[in-house]
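K.L.:
Build me a structure from this.
(one chain, ligands or ions: 1)
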Amino acid sequence: MSETANPNGMLDRRAFLRLGAFGAISAWLGLPAAAAPARSMAPRTVIDLLGTQIGIIRRSAWIRTPINYARLRAASPYTRITLHHTGNQALRMTSPHLVAQEISNVQGAHLALHYGDIAYHLIVDYAGRVWEGRSLAYEGAHTLNANEGNIGVMLLGNFEKQEPSAAQLATQANLVALLRHQYRIRASRIYGHRDLSPTICPGGRLYPYVAQLRQT
Ligand SMILES: [Zn+2]
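P.N.:
So this is what the prediction gives:
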């Protein structure tokens, strides 16, 4: 599959045309915009759509190592979201260049573990920007024995050692709301990694905010 180079998260022409067509069909059917055919929508279209709603920095901005597609499995319909942290040292960088390097390093670590690609689908940096990780076309590799239908979102940092930034928390809430809407995911299906595996991830200083999202 080809990547759409769109590092500023701006709407490209094809995405605009797709949205335009959807809008027109919705209007013709008398449907509100919210009635999108969620789970059947192609992952690339979902990323384009999210990009217009929240701004997503595309993989082309950070990727430097080829994906091992043979190790990836096609995603099944998404029914849950799991939140993670990076979990090493505290991270507060906001420069896009440094963030790109960090995400690239995470991918490198995951490839060294014989994963096909970075484990997470979406990454949120300290400045609150969203970065595209593994394509949503492929199942994630972020939660042992619980990756099926599970969107992996990782916030850069170690929330045992640092507080998440206000911008990260705001983006996390927005992103989870948009993904829930897109895939019709119930609030009760939002998890911190520690809810599903014996781990401290996503850290004690982030986890309460994840638990809060499950109550909404
Ligand atoms: Zn985790």
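K.L.:
hey, where'd the helices end up in this protein?
P.N.:
Chain-ordered helices for the chain, with DSSP state H as the definition, fall at 13-29, 43-54, 96-112, 166-183, 193-196, 207-215.
K.L.:
For the fourth one, list the C-alpha coordinates in PDB.
P.N.:
Spelled out, it's helix 166-183. Taking Å, rounded to 0.1, in the frame of the first residue of the first chain, the C-alpha atoms of helix 166-183 are listed here in PDB:
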ATOM      1  CA  ALA A 166      -2.300  19.300  29.400                       C
ATOM      2  CA  ALA A 167      -2.000  19.200  25.600                       C
ATOM      3  CA  GLN A 168      -1.500  15.500  25.600                       C
ATOM      4  CA  LEU A 169      -4.500  15.000  27.800                       C
ATOM      5  CA  ALA A 170      -6.700  17.200  25.600                       C
ATOM      6  CA  THR A 171      -5.600  15.300  22.500                       C
ATOM      7  CA  GLN A 172      -6.100  11.900  24.200                       C
ATOM      8  CA  ALA A 173      -9.700  12.800  25.000                       C
ATOM      9  CA  ASN A 174     -10.400  14.200  21.500                       C
ATOM     10  CA  LEU A 175      -8.700  11.300  19.800                       C
ATOM     11  CA  VAL A 176     -10.500   8.700  21.800                       C
ATOM     12  CA  ALA A 177     -13.800  10.500  21.200                       C
ATOM     13  CA  LEU A 178     -13.200  10.600  17.500                       C
ATOM     14  CA  LEU A 179     -12.100   6.900  17.300                       C
ATOM     15  CA  ARG A 180     -15.100   5.900  19.400                       C
ATOM     16  CA  HIS A 181     -17.400   7.700  17.100                       C
ATOM     17  CA  GLN A 182     -15.700   6.400  14.000                       C
ATOM     18  CA  TYR A 183     -15.800   2.700  15.100                       C
END
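K.L.:
Now do it: which elements does it pack against?
P.N.:
Helix 166-183 sits against helix 43-54, strand 80-85, strand 122-124, strand 150-155, helix 207-215, with contacts defined as 3 or more Cβ pairs under 8 Å, 6 or more residues apart in numbering; DSSP states H and E. The C-beta positions use only the backbone N, C-alpha and C, and glycine is treated the same way.
K.L.:
What's the local residue count around Thr216?
P.N.:
By other Cβ atoms under 10 Å, 10 other residues sit near Thr216.
K.L.:
one step back: between the helices and strands packed on helix 166-183, which one is nearest to Ser197?
P.N.:
Closest approach to Ser197 among those (Cβ to Cβ): strand 80-85, 9.2 Å.
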